[in-house]
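Asker: Sequence plus the predicted model coming up.
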Amino acid sequence: MKKKMKNRALLIFAIISLNIVPIFSQTPSGYLGKRLTVSYNIVSFPRFYTLLFEQELEFRYKHHLEVEYITQRKKSIGVSFSYHNFSTSLLDYEFQNFGTDQNSATSSPVGNRSTIENTSMYFGGFFKLFHSNIAPLGTYSRFGIEQITSNVALQNIVQSDDSTVYIPNIPSQDKYFSMMVTYSIGTQRVIFDKLVVRFSVKSGYVFGGLKQTRLGIVDLFAEDNIFLDAAFETSTNKYNYEYQVVKNSLLNQNIISVTLGLGFLVY
Amino acid sequence: MLRLIILFVFLSCSVGNTLVAQDFENYTPLKCSGAIPEHITRLASDKYREAKRQIDRNQRLSDYKAEDRFYMESAFIMDEFLLSGKVIFNDPLSKYINKVADVLFVKDDSLKGKLKIYTIKSPSVNAFATDEGIVLVTLGLLAQLENEAQLAFILAHEGIHFKRRHSVDIFVEQSRIERGQGTYGKSSMEEKIIARSHYSKEMELEADKLGLELFLESNYSMKVLDGVCDVLQYSYLPFDDILFDRSFFETDDLIFPENYYLEELEEIQAEDGDYDDSRSTHPNIRKRRQNMSRRISKLDDTGKVKYIVSEKEFLAVRDIARFELCNLYLVNREYALSIYNTYMLLEKYPNNRYLDKMMVKALYGLVKYRNDGILGTVHKSYKKIEGSSQQLYYFIKKLKDKELNVIALRYAWMAMQRHPEDESIKKHASELFKELVFEKKMIPTYFFDKSKEELIAEENIDTVADTKESLEGLSKYEKIRRKKVVTEIKGEEHFLKYALVDLMKDNDFIDEFEKQLDALEKDQEGNSDDYKVLKAKRKKKRKEARIVRRKGKALGIDKIVLVDPTYRVIDQRRNTKVSYLASEINQAKYIEDLGRNADRAELQVSILNTKKLQVSDIGKFNDHAILNQWLGELLDHEGDNMELTISNQEHVKYLTEKYNTKYFAWTGVISIRRSKGPEAFWLVVGGVATIYLLPYALYKLFTPDYDSFFYMVLFDIETGETELVQQHYLAAKEAKDIVNSNLYDSFHQIKAKRKEKYKDEEEDEK
């Protein structure tokens, strides 16, 4: 686990470093000589997953912080951090297979709902290529790689016949690590010589990556993963089901998003 | 008392003479002097607002608007022209013209002291008057006039244009014609063009008529008037018609073949000026001539004179204008015309340094364009030329590359001997040497260092060369050599070999030839054709291009001068395409931004802003004028991908010391609001048809379309090399952040120094 983590951190660092090197050869112009921008973005994305239950598209928001430094006339690099908390409704499933409370399980075979509470933190690096203008102005393409850490908790909500709701148990939290590659296309403008206004459309693809379970760390994407094979064969495997839900949620959340941002040119 | 009177008379004479006391031996190009006229230093917007007050508010609204537009355009366009450096004031020519005007208008209070008369550096034969009372007379006209009285008539004509507000009337009438107002309502396009022309001709005839009355009130002789018409009729010809003498470029040893000269020259068209003027702004010459002669036929010319101010002064002024023309033709790249003018002046001023220099520069221009194979871009066909100058055009056409190179070098070298102190001639001679050796690969052994007679005697050719007996006893190879020598010495086609006979005995000339050959050898070593060397060079070049593309340039320059930054706002939807007032306001802001960005980039920037001149800023005014001329010529050459020394290069040299930098930049922003084309209509049609596209079509229809363009070009004025070209096009309205971003980036590239690693690579590349 530690080795994999280290490798991933190195990958992010390498992407950033490729663009940092020129910093030490010649300073780029930036905007009026200012090259560092700290910005807050709000990322809005459609939650396609809800279509399965609610029959309507729901939009959610994610908070996003970014530090960007211009390394060449038309290039910049940066690091970003974002945080998102969401819950996912699961399809009814055979609760009794996992339930610890046999009474509740038998009391309501049709009304069970489960949700997954997911707190995801994204940390990543990126570099931007400005198309026609000099950074940080104008349209740009942004390439990024992000590590997603998801803390997941499964909640079983049992709705009995008389509509009373209770939570039979809260299983222990699991932690998932995933990687995501992103591509954005956007535009930036500067107002009052200090503020950067940004609009972009972003698309990301999440690789499942690693999963940490109570059993330890299992690479679910390894082709010879016996555990994974077993998961698909046995739909009642809680961990694999939960894993699929988390993975699908992350995929859906990041496949397309719109970003509005406001930054400050520090120096 | 007598002493005082003598002193006063002496001083008066001295002052009078200094006005035209031109030392033609050490002639220097004309420039403005003294205080800048106050009206030139005022902002165009102020002049417009002032002029606008004159508009009659009781007239028809459309006429009011047309007049308003006229004052706006007139104020700004004239302002730009006055500041361009083409207009000169307080110079001997303008002073003299003003003196003639004072004499002419002495009895007319509406004109006396009201006109501001200047000279324009233009070879065209013209004069014109503006609504502000500015009368501009071209150098081309002054060079062609025969006497002072002719100048007086032209001033009278222009004075009437001003007095009768002809420029305003013509503009308003043209607006009415364009709008189809009143009787023009049903006119076709053809009829409108003719109507415009007719009205303009009416104004011209009125100016002729009333100008003549004004002229007749003076003591100038009316006999000169026919000559004025001749000046206009033959204005397309040079100022004189002197046969170009073939001996000009020949020597005792260098004789050009007979077929290098035309046997018969094209006659000057002897039309009487009765051409079709239905679409012209001016009536044809015949009509004007007839009108004038009818009026003066019965008048007595007794006691009237051709000169009132001074004949001597007129002749000096005319010669100055003619000297200036040689230079103007150079700047305009009309090299043959420059040579012909110079040739004619050299008859009067032989061995004149300025004229020699003009000749050298014109020959240099021809050589450069000929060697690059594009002489046609700067040299007219001799078939289009009338009169004696045709001989020269034909001669230039007949000269082969090497011949042109050799005679140009020969002239330059001889001129250098005559004026050894002149650095410019020396530089051009050196450049011509380089052309001869580097481009034409000519070597000293090609040329004979003895005359034909000497060689014939030496080789004993004349008596025995062609006889059978003379070759007896010689081996096969000796016979071949012998025949070759005889052909070279006697053959007319080898005349060029005799071009430098005298110079091949000059050690300095031989040394320079050797020096150039050594340089060529070194250059060829550096330009080895070896595959590996070429590959390595290409690799380096690519690397350099990559570095520049990624990082921009790093010129390491501490100080630059920005010449007249411009900001042009254009609205294509309006009749007046340029939004003058907005342009002026934005230009002021742009100059502020330039200063701010330069400070941030820690680059020292001096701004040569003609919009902020004080009356005492004559130095800046002249600096700007000379830089504009320099840039104009440079851009003309660059337009044809030519690199050559600019003709007034020697005159920009002082600017390096004055401003403590050799880097001068031109920058500006152009913002265009486009009118909606037919595509907008079709987009809406498409939108309605498909409905889904309608919102987008409506958005496109109701949002304005803009284009904006930023540029900055930095030159090294010592070498004429372009150091930086920054341009940025945006299909949107110009915005402060984008302008600032580009400005700062330009300044940053100018100021930044490349780190050693990259610098070494660049130097290696060089």
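Answerer: Yep, that arrived. Note that the structure is a prediction, hence the values are computed from the model and not measured.
Asker: Next up, the contacts around residue A:31.
Answerer: Residues in contact with residue A:31 (CB atoms under 8 Å, 6 or more residues apart in numbering or on different chains) are A:134-137, A:190, A:193, A:265, B:737, B:740-741, B:744. To be clear about C-beta, it is placed using only N, CA and C from the backbone, and glycine gets the same treatment.
Asker: Just the closest of these to residue B:45, please.
Answerer: Using CB to CB, residue B:740 comes nearest to residue B:45 of these, at 24.9 Å.
Asker: Quick check: mean pLDDT of the helix or strand that contains the closest one?
Answerer: Applying DSSP states H and E as the criterion places residue B:740 in helix B:736-751. The pLDDT scores in helix B:736-751 average 91.
Asker: Flag every buried residue along it.
Answerer: B:737-751 (16 or more other CB atoms under 10 Å in any protein chain shown).
Asker: Show me what from chain A comes close to chain B.
Answerer: Chain A comes close to chain B at residues A:22, A:24-33, A:72-73, A:75, A:132-134, A:137-138, A:189-191, A:193, as judged by CB under 8 Å from any CB of the partner chain.
Asker: okay, now the closest residue to chain B within the stretch 51-200 of chain A: neighbour count?
Answerer: Using CB to the nearest CB, residue A:190 is the residue of the stretch 51-200 of chain A that sits closest to chain B, at 4.1 Å. Close neighbours of residue A:190, defined as other CB atoms under 10 Å in any protein chain shown, add up to 23.
Asker: Which strand or helix spans it?
Answerer: Using DSSP H and E, residue A:190 sits in strand A:174-191.
Asker: and what of residue B:631?
Answerer: Taking DSSP H and E as the criterion, residue B:631 maps to helix B:618-639.
Asker: Please enumerate residues in contact with the helix or strand just after that helix?
Answerer: Of the helices and strands lying after helix B:618-639 in sequence (DSSP H and E), the nearest is helix B:649-659. Contact with helix B:649-659 is made by B:29, B:423-424, B:427, B:559, B:561, B:606, B:619, B:623, B:626-627, B:630, B:646, B:662, B:664, B:717-718, B:720, as judged by CB under 8 Å, 6+ apart.
Asker: Next, the buried residues of the longest helix along chain B.
Answerer: Looking across chain B with DSSP state H, the single longest helix is helix B:189-217. Buried residues in helix B:189-217, counted by 16+ other CB under 10 Å: B:195-201, B:203-204, B:206-212, B:214-216.
Asker: now stretch B:28-46
Answerer: By neighbour count on 16+ other CB under 10 Å, the buried set for stretch B:28-46 is B:29-32, B:36-37, B:40-41, B:44-45.
Asker: need those in JSON lines with pLDDT, can you?
Answerer: Shown next, in JSON lines, are the buried residues of stretch B:28-46 (pLDDT from 0 to 100):
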{"residue": "B:29", "pLDDT": "91"}
{"residue": "B:30", "pLDDT": "93"}
{"residue": "B:31", "pLDDT": "92"}
{"residue": "B:32", "pLDDT": "94"}
{"residue": "B:36", "pLDDT": "95"}
{"residue": "B:37", "pLDDT": "94"}
{"residue": "B:40", "pLDDT": "93"}
{"residue": "B:41", "pLDDT": "93"}
{"residue": "B:44", "pLDDT": "93"}
{"residue": "B:45", "pLDDT": "93"}
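Asker: where's residue B:316 relative to residue A:262, distance?
Answerer: Computed as CB to CB, to the nearest Å, the residue B:316 to residue A:262 distance reads 72 Å.
Asker: before we move on, the earlier item: can I get the helix holding residue B:740 in PDB, CA atoms only?
Answerer: Extracted C-alpha coordinates of helix B:736-751, given in PDB (Å, rounded to 0.1, in the frame of the first residue of the first chain):
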ATOM      1  CA  LYS B 736      -7.800  46.000 -21.000                       C
ATOM      2  CA  ASP B 737      -6.500  42.700 -19.600                       C
ATOM      3  CA  ILE B 738      -5.600  41.400 -23.000                       C
ATOM      4  CA  VAL B 739      -3.900  44.600 -24.000                       C
ATOM      5  CA  ASN B 740      -2.000  44.700 -20.700                       C
ATOM      6  CA  SER B 741      -1.000  41.100 -21.000                       C
ATOM      7  CA  ASN B 742       0.400  41.600 -24.400                       C
ATOM      8  CA  LEU B 743       2.100  44.800 -23.500                       C
ATOM      9  CA  TYR B 744       3.800  43.400 -20.500                       C
ATOM     10  CA  ASP B 745       4.800  40.300 -22.400                       C
ATOM     11  CA  SER B 746       6.400  42.400 -25.100                       C
ATOM     12  CA  PHE B 747       8.300  44.500 -22.600                       C
ATOM     13  CA  HIS B 748       9.300  41.400 -20.600                       C
ATOM     14  CA  GLN B 749      10.800  39.800 -23.700                       C
ATOM     15  CA  ILE B 750      12.700  43.000 -24.500                       C
ATOM     16  CA  LYS B 751      14.000  43.300 -20.900                       C
END
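Asker: quick check: domain ranges of chain B?
Answerer: Following automatic domain parsing, chain B resolves into domains at B:333-439+B:506-518, B:448-498, B:552-764.
Asker: Out of those domains, indicate the one that is most buried.
Answerer: Ranked by mean neighbour count under mean count of other CB atoms under 10 Å in any protein chain shown, those are led by domain B:333-439+B:506-518, which reaches a mean of 20.
Asker: how about the residues of chain B near chain A?
Answerer: Residues of chain B lying close to chain A (CB under 8 Å from any CB) are B:550-552, B:554, B:597, B:600-601, B:728, B:730, B:735, B:737-738, B:740-742, B:744-745, B:748-749, B:752, B:754-755, B:757-758.
Asker: let's see 6 Å
Answerer: With the criterion set to CB under 6 Å from any CB of the partner chain, chain B comes near chain A through B:550-552, B:554, B:600, B:737, B:741, B:744-745, B:748, B:755.
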